[in-house]
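# Got a predicted model here, sequence first, then my questions.
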Amino acid sequence: MNDFDLVRKNLLCKPLRTILLTVSVFMAFLVFGMLTSINEALNRAAEPSASAARLIVTNKINFTQSLPIAHLNQISTIPGVKYVTHQSWFASYYMDRYKNNLVGFYVDPETYLNVYGDDIRLTDQEKKNFISERTGVIVGKTLADLYGWRLGQTIPISSKVYSKRDGSHTWDMKITGIYTRAKLGESTAAFFFHYDYFNTTRTFGQDTIDNIVVRSVSPDLNDSIARKIDAMFANSMAETSTVDENTFARAFIKQAGDLNLIVTMVVAAAFVSILMMVSTTLISAIRERTKDIGIMKTIGFTGPRILRMVLGEAVLMSTIGAGLGLGASALILEGLPNSPAGAQFGDLSMAPMIAFTGLLMAITLGLVTGAIPAVMALHMSIVDALDHS
């Protein structure tokens, strides 16, 4: 019988205790895998693959405040501006208000494709259909697969905020395109439809938009164009704040809080709790096996060998729990894009580096939790061990 067999048998000596400790480690690494992967997905969303020449213009008070669409034409006259478009959030759902929440935007199709055509992949015919069809909508492939939507189908999209002049909250839209993304892994869980169709039918907020997107001739002109835009509307009823697209995306994500800090705090709290629990339990287990350790030393087991075995128990248990936790979180993450809530994150698969980091943390956790009981076993004398009652 080798040392690994002894380690395994010692763990199975009290199977219920071992199972409960393994489940505790499992839960900690399940949380670690889920939160870290989601955080990484949000960070990717905050670093769009768009051209560095794009600027976002929002209301100076807050990006949730609207801007008059008349700003658009004024901005287009600034030297160095190549394209100008706009986009506005449409809080919506499909069929079921509580289960099928959607991410949607109302835009001007032609100018929007001019600005974002490098990121949103459509066929030439789909682009023409989207521009010409007043009720047209382009949907991401993720949404189309999730709900079984197809080209030419008319779908009812309802708003949680806006209403139509006929009293309803639902807009019928014809699918004129199903888009993919230029960069693999980016979300295709949004839809885009006509501003004019929405603006002429809504009951309030006519002729207003959420933000304006400016594409300059060169990224080198961004700073000067941003200053000119904000100076143009200084002291107006709708002053502006203009930043590059990456800065805007990061600010938008941070509205939900500093997720990096939240993830760190939650994971740290979980690991401290597991550390204390596992370490205390292992110390208790070593005390229960005091005589066994004395007998092992009597028949020739050296102190360092026993130390390695005790550490091995802790490392094996934490590694098994971590492996199961990371594996379960990877499976859950793979399934999330197939749900309405998870689809908006895009690619949620666990990165190899996250799994590798998790396994390193599991080994470290095992070594730390096993250190005290291992040292106790190392320094335990044969006489004291055999006299233990």
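Looks like it came in fine.
# Okay, strands next: where are they in this structure?
Ranges of strands in the chain, per DSSP state E, are 54-59, 67-68, 81-93, 101-107, 120-121, 136-140, 154-159, 170-181, 190-194, 208-209, 211-216, 240-244.
# So which of those strands is nearest residue 226?
Nearest to residue 226, of all the strands of the chain, is strand 240-244, at 4.0 Å by C-beta to C-beta. Glycine gets a C-beta too; all of them are placed from N, C-alpha and C.
# what about this protein, any weak spots by pLDDT?
Along the chain, the model assigns pLDDT under 70 to residues 1, 42-52, 184-185, 251-260, 286-289, 336-348, 378, 383-389.
# Show me the domain layout of it.
3-45+258-387, 66-237 (automatic domain parsing).
# mind listing what residue 262 touches?
Going by C-beta atoms under 8 Å, 6 or more residues apart in numbering, residue 262 touches residue 35.
# picking up where we left off before, rebuild the strands of the chain as TSV, extending it with mean neighbour count and distance to residue 201.
Listed next are the strands of the chain as TSV, based on neighbours: other C-beta atoms under 10 Å; distance: least, C-beta to C-beta, whole Å:
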stretch	mean neighbour count	distance to residue 201
strand 54-59	23	24
strand 67-68	18	19
strand 81-93	20	13
strand 101-107	21	11
strand 120-121	18	25
strand 136-140	25	14
strand 154-159	16	11
strand 170-181	20	7
strand 190-194	24	10
strand 208-209	20	15
strand 211-216	22	21
strand 240-244	21	27
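# tell me, what residue is most central in this structure?
residue 38 (2.7 Å; C-alpha atoms, centre = their mean).
# quick check: longest helix of this protein.
helix 303-335 (DSSP state H).
# The residue nearest to the centre of the chain and residue 332, how far apart?
11 Å (C-beta to C-beta, to the nearest Å).
# hang on, the earlier thing: residue 292 is nearest to which of the strands of the chain?
Closest approach to residue 292 among those (C-beta to C-beta): strand 101-107, 58.0 Å.
# What helices and strands are in contact with the closest one?
Packing partners of strand 101-107 (3 or more C-beta pairs under 8 Å, 6 or more residues apart in numbering; DSSP states H and E): strand 81-93, strand 190-194, helix 195-199, helix 340-343.
# Any chance you could list what contacts the second one?
Spelled out, it's strand 190-194. For strand 190-194, using C-beta under 8 Å, 6+ apart, the contacting residues are 87, 90, 102-109, 112, 134-140, 143, 157, 171, 173, 344.
# same check, this time on the first one
Taking contacts as C-beta under 8 Å, 6+ apart, the residues outside strand 81-93 that touch it are 53, 66, 69, 72, 75-76, 100-102, 104-108, 111-112, 114-116, 157-162, 192-193, 195, 198, 209-217, 225.
# who does it pair up with?
strand 101-107 (antiparallel), strand 154-159 (antiparallel), strand 211-216 (antiparallel) (DSSP bridges).
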